[in-house]
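# next comes the sequence, and after it the predicted model I'd like to discuss.
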Amino acid sequence: MPKIKPIAFYLPQFHPVRENSEWWGPGFTEWTNVAKGKPNFVGHYQPHIPRDLGFYDLRIVDTMRQQAEYAALYGVHGFCFYYYWFNGRRILELPLNNFLASDIEFPFCVCWANENWTRTWDGLEKNVLLEQIHSDDEDRHFIEDLIPTLKDRRAIKVDGKPMLLVYRADLFPDARKTVQRWREVARSHGIPDLHLCAVQFYGIEDPREWGFDAAVEFPPHTFIGSENKPDKLPEILNDDFVGGLVDYRKIIAQSLERTTKDYQWYRGIIPSWDNTARRQNNPHTVIYSSPELYRFWLDHLVQFTRVSNDDEHQFLFINAWNEWGEGCHLEPDLKHGLAYLEATKAAVDGIGDARRILMSDPQLARLIGEDGLAHLLEQKASLERDLILSAAESRKKMKREETATARRIRHRVANMLVRCPRLYRVVRGLSRIVK
């Protein structure tokens, strides 16, 4: 069976830079937001406090080394670094630069976060801090700047083509023209082509419409509609709270209903979501999430990917490795410890326990429905049979190879003995002694 390759989005905003200090105050990093989060309702998990890695500083390369070791140990194939390029200049570039200069052997790709930077953290055309201007020249400069990164030995490739994600393909005046130019520039630098992935932002579905090769599902986008509101709201503690609440179990049920596309599609998942740390009074908060429900969902996406994608496209994306300010991180925290990482490892390795999880959460079972449950369990059983058959075939192949190797050795020894009569007499004498 092909190997599943989960890629986790990676936020580099955990070190101070001049621009953030000017906009938000001296020494600002994402930890500044994380530490000030407060509960908005009874049972609200805020703030999120890191455990094993602490409040780290990404100027320190050993921190990234530890992150890569954790990720590899628990089944994460690679990181997708957010890449910030604004009209000829980069920002928050130091962590990726340090990673590229290091000996950390861990796969990666980048996602160009090509929205405006705004004071409200939403990328909309208001209170703009850094404006994103797309033009022919700027788009060419962007890809030329990225060429050394795409050529790096650790860059994730598909059919030999470096993978490159874009967060908002709809912001280009002519996306098809832009990506065609990128491909030409890449080829002129010795890169055969690019594997371009469009994040499924609102209104972006079929990547071919934009000239891209694949689409990346990106929860919570398209999962936080009114249909996924909780049936029962918790008791609100913050009188100024005007945010939205979303039921994680309903998100899972909606995800399970999505079927195979006629374009290349990489599924996506969130362990949770809560951007209260960035927007205290008007966040979007997912409730009822847990490591077990995340494991159940990821187990389904692993099965979906194995069945729907060919061997070269066994990717799925996790949002995210370290989005602490948005409450979605695989990195250990004080509440859950290693539970989300362990759940990732279990799902990727195919050690699912769907029946037990469904039995422990009747609400999730009800949302999925009888037909959905039957299909899910049938698909799981079918995949397990395929895994058993694949393992059996692998054992047979190894045995055949071992037998063939033994025959070759015997043949070579026989030829050697024929050419050397003295050695033949010695071997024959030893065999008599052994008998």
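Sure, I can see it.

# can you pull the buried residues of stretch 238-255?
241, 243, 245-255 (16 or more other C-beta atoms under 10 Å). To be clear about C-beta, it is placed using only N, CA and C from the backbone, and glycine gets the same treatment.

# now do the helices in this structure.
18-24, 30-35, 61-73, 94-101, 136-150, 175-188, 248-257, 291-308, 339-348, 354-360, 362-419, 421-434 (DSSP state H).

# pLDDT on the longest one, on average?
Confidence for helix 362-419, expressed as mean pLDDT, is 66.

# how far is stretch 280-300 from where the chain is centred?
Chain-centre distance of stretch 280-300: 16 Å, with C-alpha atoms, centre = their mean, to the nearest Å.

# what's the answer for stretch 109-129, then?
With C-alpha atoms, centre = their mean, you get 21 Å for stretch 109-129.

# with adjacent residues omitted, what lies nearest to residue 75?
residue 348 (3.8 Å; C-beta to C-beta, 6 or more residues apart in numbering).

# what about residue 184, neighbour count?
When counting by other C-beta atoms under 10 Å, one arrives at 11 neighbours for residue 184.

# for residue 320, see how far away residue 129 is.
According to C-beta to C-beta, to the nearest Å, residue 129 and residue 320 sit 22 Å apart.

# which one of the two is surrounded by more residues?
Counted by other C-beta under 10 Å, residue 129 and residue 320 do not tie: residue 320 has more neighbours, with 22 against 14.

# need the pLDDT of the closest residue to that one other than its chain neighbours.
Distances taken as C-beta to C-beta, 6+ apart put residue 9 closest to residue 320, at 4.0 Å, once the chain neighbours are dropped. Predicted confidence (pLDDT) for residue 9: 98.

# any idea how far residue 9 lies from residue 297?
17 Å.

# could you do residue 242 as well?
Counting by C-beta to C-beta - residue 242 and residue 297 are separated by 28 Å.

# do the same with residue 206
Relative to residue 297, and taking C-beta to C-beta, residue 206 is found at 24 Å.

# do the same with residue 96
Taking C-beta to C-beta, one finds residue 96 at 29 Å from residue 297.

# same thing with residue 168?
Taking C-beta to C-beta, one finds residue 168 at 26 Å from residue 297.

# and these two? Which one has more around it.
When residue 168 and residue 297 are compared for neighbours, residue 297 comes out ahead with 27 against 21, by other C-beta under 10 Å.

# and that one, what does it touch?
252, 255, 269 (C-beta atoms under 8 Å, 6 or more residues apart in numbering).
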